[in-house]
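Trainee: Have a look at this prediction, sequence included:
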Protein chains: 2
Amino acid sequence: MTGWVAVAGLGPGDAALITPEVTAALADATDVVGYIPYVARVAPRPGLRLHASDNRVEIDRARHALALAAAGGRVVVVSSGDPGVFAMASALFEALEGVPAPHDLDIRILPGITAMLAAAARAGAPLGHDFCAINLSDNLKPWVLIETRLRAAVRADFAMAFYNPRSASRPEGFARVLDLLRADCGPDRLITFARAVTTPEERIITLPLSEARPDMADMRTVVLVGNSATRRVGRWVYTPRSA
Amino acid sequence: MTGWVAVAGLGPGDAALITPEVTAALADATDVVGYIPYVARVAPRPGLRLHASDNRVEIDRARHALALAAAGGRVVVVSSGDPGVFAMASALFEALEGVPAPHDLDIRILPGITAMLAAAARAGAPLGHDFCAINLSDNLKPWVLIETRLRAAVRADFAMAFYNPRSASRPEGFARVLDLLRADCGPDRLITFARAVTTPEERIITLPLSEARPDMADMRTVVLVGNSATRRVGRWVYTPRSA
């Protein structure tokens, strides 16, 4: 019996955004491994073992998945969104560095709809031209690197998507981000707060930076900032293809 | 009869990467509008009109879709990948600026798996930390803006994804991009050429910048460049979560 690991993206929440590829992998799996709320999105069935773990133990979780597969398990590691965007794929490869013969393992990364693209779709097309994606959490990197990237993105006039903008344990960082953006982009730049996209709790609001407040974001929010040409049409916001 | 427009992402090629949401919209449509090779990916059926048009007529195509919907059509505008990433969503909103009452229209953007995320998944997780996406085509923007964004991305140590890296009509731009990257990132930085991802013609190669040649890219290729911490493990390439 040959085991495998698939790191799969469940998309932002709506089951209609889960790819058939991911659905097929889940149907064939013996084990599902992941952060508690993501494992909760997988329907239980006989013969499927669910291994839910807490946040911030990504490397342990990845090692567990590799061990289950080495023992013959067909293992799906679930991420929300896309597994390659601020999610479990990198953690799995990090864990793989400790494995003697990585070439022998059957590993697949199954892409998903990442939060920024689902949020952009609901709001219009704010990422319709060159853009960047920045993880605002400083759990794993120094804050100064986040500021360096923000300033570079503003100078280059990228549209921007921010993941993990604000948590209870570090509420002040996002306030600094908004101050920096207001100083460098001006008060009229459009910003979109997209919370719990494609779920029943979805809430999406677009407003000028002058009206943005730090408490509009939490860990379930992805934040999109337009570039200097981003504008509204009707109830939508979009970035022109030429900007 | 009330018409609508859905701008839908067909993903990179493999039917298993088309979301159920997009499949449902196509099943309910009266009209499909899009660039010739994308419309060719939609199965014909009685009652479904296919309107295929050539490249570089995006605004005309968007106006056509809006007119069909105003006449009661249920219209799906098809893009490859995700419609909000260098695709038809922005063009639709541009066309909407000429419409007297945009609020009255039923418009939805249906996200898809964009090429860079499918390519990253095949290669490992090269976009596993902060990254940017740049369209290298200078059809709609000046070349100097592309270079400004490239230099900013290098200085900020973003991983990068390049769309439309090279066409027959402008073969020299991508050579300049490689020269700039080699000068600023050094010869060992990892670059991935992912052509026709998830199709039978898929070809993916990762190599150091010193070995990259302009003719490794064409219009069916998405190019991924790691950041300074991107590295290989086994046959994969990934960017650590902390870099």
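Mentor: Nice, I can see it.
Trainee: From now on I want contacts and neighbour counts done on CA atoms only, so please keep to that.
Mentor: Fine.
Trainee: Which pLDDT value belongs to residue A:1?
Mentor: With respect to pLDDT, residue A:1 scores 59.
Trainee: show me where chain A has helices.
Mentor: A:20-28, A:36-39, A:58-70, A:88-96, A:115-123, A:143-155, A:172-185 (DSSP state H).
Trainee: want to try JSON lines for those, with mean neighbour count, mean pLDDT and distance to chain B as columns?
Mentor: Output for the helices of chain A, formatted as JSON lines (neighbours: other C-alpha atoms under 10 Å in any protein chain shown; pLDDT from 0 to 100; distance: least, C-alpha to the nearest C-alpha, whole Å):
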{"stretch": "helix A:20-28", "mean neighbour count": "17", "mean pLDDT": "98", "distance to chain B": "5"}
{"stretch": "helix A:36-39", "mean neighbour count": "17", "mean pLDDT": "97", "distance to chain B": "19"}
{"stretch": "helix A:58-70", "mean neighbour count": "21", "mean pLDDT": "96", "distance to chain B": "10"}
{"stretch": "helix A:88-96", "mean neighbour count": "26", "mean pLDDT": "97", "distance to chain B": "6"}
{"stretch": "helix A:115-123", "mean neighbour count": "27", "mean pLDDT": "98", "distance to chain B": "5"}
{"stretch": "helix A:143-155", "mean neighbour count": "18", "mean pLDDT": "95", "distance to chain B": "5"}
{"stretch": "helix A:172-185", "mean neighbour count": "16", "mean pLDDT": "95", "distance to chain B": "15"}
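Trainee: what's the nearest residue to whichever residue of chain A sits closest to chain B if we skip its chain neighbours?
Mentor: Residue of chain A nearest chain B, by C-alpha to the nearest C-alpha: residue A:132 (3.8 Å). Counting by C-alpha to C-alpha, 6 or more residues apart in numbering or on different chains, residue A:132 lies nearest to residue B:132, which is 3.8 Å off, once chain neighbours are set aside.
Trainee: ditto for residue A:108
Mentor: Residue A:108 sits nearest to residue A:6 (C-alpha to C-alpha, 6+ apart), 4.7 Å away.
Trainee: now residue A:97
Mentor: That would be residue B:233: by C-alpha to C-alpha, 6+ apart, it lies 6.2 Å from residue A:97.
Trainee: Could you check how far the nearest residue to residue A:138 once chain neighbours are set aside is from residue A:134?
Mentor: What sits nearest to residue A:138 in space, not counting adjacent residues and going by C-alpha to C-alpha, 6+ apart, is residue A:146, at 7.8 Å. As defined by C-alpha to C-alpha, to the nearest Å, residue A:146 lies at a distance of 8 Å from residue A:134.
Trainee: ok, residue A:236 - contacts?
Mentor: A:123, A:124, A:125, B:93 (C-alpha atoms under 8 Å, 6 or more residues apart in numbering or on different chains).
Trainee: what domains does the record give for chain A?
Mentor: Annotated domains of chain A cover A:4-113, A:116-238 [automatic domain parsing].
Trainee: In CSV: the ones you listed, plus distance to residue B:73.
Mentor: CSV is the format used below for these (distance: least, C-alpha to C-alpha, whole Å):
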stretch, distance to residue B:73
domain A:4-113, 23
domain A:116-238, 21
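Trainee: The residue nearest to residue A:108: neighbour count?
Mentor: Residues lying near residue A:6 (other C-alpha atoms under 10 Å in any protein chain shown) number 23.
Trainee: Please verify my assumption that it contacts residue A:79.
Mentor: No: Residue A:6 lies out of contact with residue A:79 (C-alpha atoms under 8 Å); the separation is 10.7 Å.
Trainee: Quick check: bridge partners of the residue of chain A closest to chain B?
Mentor: Per DSSP bridges, the residues bridged to residue A:132 are residue A:160, residue B:132.
Trainee: how about it, what does it touch?
Mentor: A:153, A:158, A:159, A:160, A:161, B:130, B:131, B:132, B:133.
Trainee: Now with 10 Å, please.
Mentor: By C-alpha atoms under 10 Å, 6 or more residues apart in numbering or on different chains, the residues touching residue A:132 are A:149-150, A:153, A:157-162, A:224-225, B:130-134, B:153, B:158-161.
Trainee: now swap in residue A:57 and tell me
Mentor: Contacts of residue A:57 by C-alpha under 10 Å, 6+ apart are A:34, A:35, A:91.
Trainee: and which of the residues you listed is nearest to residue B:100?
Mentor: Checking the contacts of residue A:57 against residue B:100 by C-alpha to C-alpha gives residue A:35 as the nearest, at 47.6 Å.
Trainee: Quickly list what that closest one is bridged to.
Mentor: If you apply DSSP bridges, the partners that residue A:35 bridges to are residue A:53.
Trainee: Test my guess that it contacts residue A:42.
Mentor: No: Residue A:35 is beyond contact range of residue A:42, at 11.6 Å (criterion: C-alpha atoms under 10 Å).
Trainee: Please identify every residue contacting each of the two.
Mentor: What both residue A:35 and residue A:42 touch, as defined by C-alpha under 10 Å, 6+ apart, is the set residue A:78.
Trainee: the more surrounded of the two?
Mentor: Between residue A:35 and residue A:42, residue A:35 has the larger neighbour count (other C-alpha under 10 Å), namely 21 against 15.
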